[in-house]
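J.: Compute the structure for the input listed below.
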Amino acid sequence: MILKQVLEIYELLDKPNANGKEVAEFFKSRGCQNVKVKTIEGEKGSTDFIKIVIEGKNGKLSGGNAPTLGIIGRLGGLGARPELVGFVSDGDGALTALSVGLKLVDMHNNGDVLNGDVIVTTHICPDAPTQEHYPVPFMDSSVDMEVMNESEVVEEMDGILSIDTTKGNEILNYKGFAISPTVKEGYILKVSDDLLSIIKRTTGKMANVFPLSIQDITPYGNDLYHLNSILQPATATKVPVVGVAITTETSVAGCATGATSPYDVEVTGRFAVEVAKDFGEGRCAFYDEEEFKKIISLYGSNERFQKKSTK
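T.: Here you go, the predicted model:
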């Protein structure tokens, strides 16, 4: 389990001066030296983007050919200070991704080295703005989505889990987490059977899958409906992306404080750790490569949906 790592990361993030440098130094103190932080100023403030790389025994960094898993923690901000005091629901994506990264670092140090490399990216902003949204308010971000994707979607990633709080809606009405169908190059593909199997073994329950509309996988800024930003990484890459949504039975605002469940974060993170193990071994496919080739041959490219407009 990764509950210990969840609590350790939470203590780093749940404060008004939370920052990327402190988190990076914490990871380095645990034995991970491949950590980079960059601060980016936006129109609504600044945020610290962090990238953590856990090297596999047969990963690309060591000259191997094992696939690299990307784990992205999506969020607007960890807090909405000074409007609200404390860690907000929207921060769960970063909390989960960083907890997974820390668990993988600890495993590596103990001798449990994964086959493939894992890259964890997210950003740390304790004082992001909020925005109106139906049915409950969302968190906004200090920087725009294009900047976020440029910093969090890394070229070396061969597949991406995008982890995001997805509580501010009336579509998902179960507590825990759910995955999306795989999204690749503007196509919403079938749900990965391998990921469903991993969910069943980590939770002991049947998997939850959340629905996607074509609007959800188009870029922000086109004035179309989006469930939230969970599939925005899919607009900036050709590799398969799966959304991992942390969910609740009721609609909870992204800017709500006191809404983080360490147990929901733990089971979501534990799922991601198991995906990282199997993905690097080639035992977890996000999509059927041959079927995707056939889709392209029959219907052509769908990359137009990765753009704001084709005009």
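
J.: what ranges do the helices span in this structure?
T.: Residue ranges of the helices in the chain, as given by DSSP state H, are 3-13, 20-29, 92-109, 145-152, 193-203, 262-280, 289-299.

J.: Show the average pLDDT along the shortest one.
T.: For helix 145-152, the mean per-residue pLDDT is 95.

J.: Over to stretch 159-172?
T.: Mean per-residue pLDDT for stretch 159-172: 95.

J.: what's the answer for stretch 257-267, then?
T.: Throughout stretch 257-267, pLDDT has a mean value of 97.

J.: Give me the buried positions along it.
T.: Within stretch 257-267, the residues that qualify as buried by neighbour count (16 or more other Cβ atoms under 10 Å) are Thr257, Ala259, Thr260, Asp264, Val265, Glu266, Val267. C-beta: built from backbone N, CA, C; applies to glycine.

J.: try stretch 80-91
T.: Buried residues in stretch 80-91, counting neighbours by 16+ other Cβ under 10 Å, are found at Ala80, Arg81, Gly86, Phe87, Val88, Ser89, Asp90, Gly91.

J.: which ones are touching the third one?
T.: Yep, that's Gly86 we're talking about. Gly86 is in contact with Asp14, Gly79, Thr257, Gly258, counting by Cβ atoms under 8 Å, 6 or more residues apart in numbering.

J.: per-residue pLDDT, it?
T.: pLDDT, Gly86: 94.

J.: and if you look at the last one?
T.: At Gly91, the pLDDT value in this model is 97.

J.: Next up, the contacts around the closest residue in space to Leu69 that isn't next to it in sequence.
T.: Leaving aside its chain neighbours, Leu69 sits nearest to Phe279 (4.5 Å; criterion: Cβ to Cβ, 6 or more residues apart in numbering). Remark: with contacts taken as Cβ under 8 Å, 6+ apart, Phe279 is in contact with Pro67, Leu69, Gly116, Gly159.

J.: picking that back up, and the buried residues of stretch 80-91, which two are furthest apart?
T.: Longest distance between any two of these is 14.6 Å, between Arg81 and Ser89; criterion Cβ to Cβ.

J.: rewinding a little: any idea which of the buried residues of stretch 80-91 is closest to Pro181?
T.: Within these, distances to Pro181 taken as Cβ to Cβ reach their minimum at Asp90, with 23.3 Å.

J.: thinking that closest one is in contact with Ala259, fair?
T.: No - under the criterion of Cβ atoms under 8 Å, Asp90 makes no contact with Ala259, lying 9.2 Å away.

J.: Longest strand in this structure, please.
T.: Longest among the strand segments of the chain by residue count, using DSSP state E, is strand 45-54.

J.: Tell me what angle it forms with helix 262-280.
T.: Compare the direction of strand 45-54 with that of helix 262-280 by axes from the mean of the first three to the mean of the last three Cα atoms, to 10 degrees and you get 50 degrees.

J.: angle of strand 45-54 against helix 92-109?
T.: Orientation of strand 45-54 against helix 92-109 (the same axes, to 10 degrees) gives an angle of 30 degrees.

J.: What average pLDDT does strand 45-54 get?
T.: Per-residue pLDDT values over strand 45-54 give a mean of 96.

J.: about what we covered before: can you tell me which of the helices of the chain is most buried?
T.: When neighbours are counted by mean count of other Cβ atoms under 10 Å, the highest per-stretch mean among the helices of the chain falls to helix 92-109, a mean of 26.

J.: CA atoms of that helix as CSV?
T.: What follows is helix 92-109, C-alpha atoms only, in CSV (Å, rounded to 0.1, in the frame of the first residue of the first chain):
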residue,chain,number,x,y,z
ASP,A,92,-6.0,15.3,-5.2
GLY,A,93,-4.5,14.8,-8.7
ALA,A,94,-1.1,16.2,-7.6
LEU,A,95,-1.3,14.5,-4.3
THR,A,96,-1.9,11.1,-5.9
ALA,A,97,0.8,11.5,-8.7
LEU,A,98,3.5,12.6,-6.2
SER,A,99,2.5,9.8,-3.8
VAL,A,100,2.9,7.3,-6.6
GLY,A,101,6.3,8.8,-7.5
LEU,A,102,7.4,8.6,-3.9
LYS,A,103,6.3,5.0,-3.5
LEU,A,104,8.2,4.0,-6.7
VAL,A,105,11.3,5.8,-5.4
ASP,A,106,11.1,3.9,-2.1
MET,A,107,10.5,0.6,-4.0
HIS,A,108,13.6,1.3,-6.1
ASN,A,109,15.7,2.0,-3.1
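
J.: picking up where we left off before, now the residue nearest to Leu69: how far from Gly116?
T.: Taking Cβ to Cβ, to the nearest Å as the measure, Phe279 and Gly116 are separated by 6 Å.
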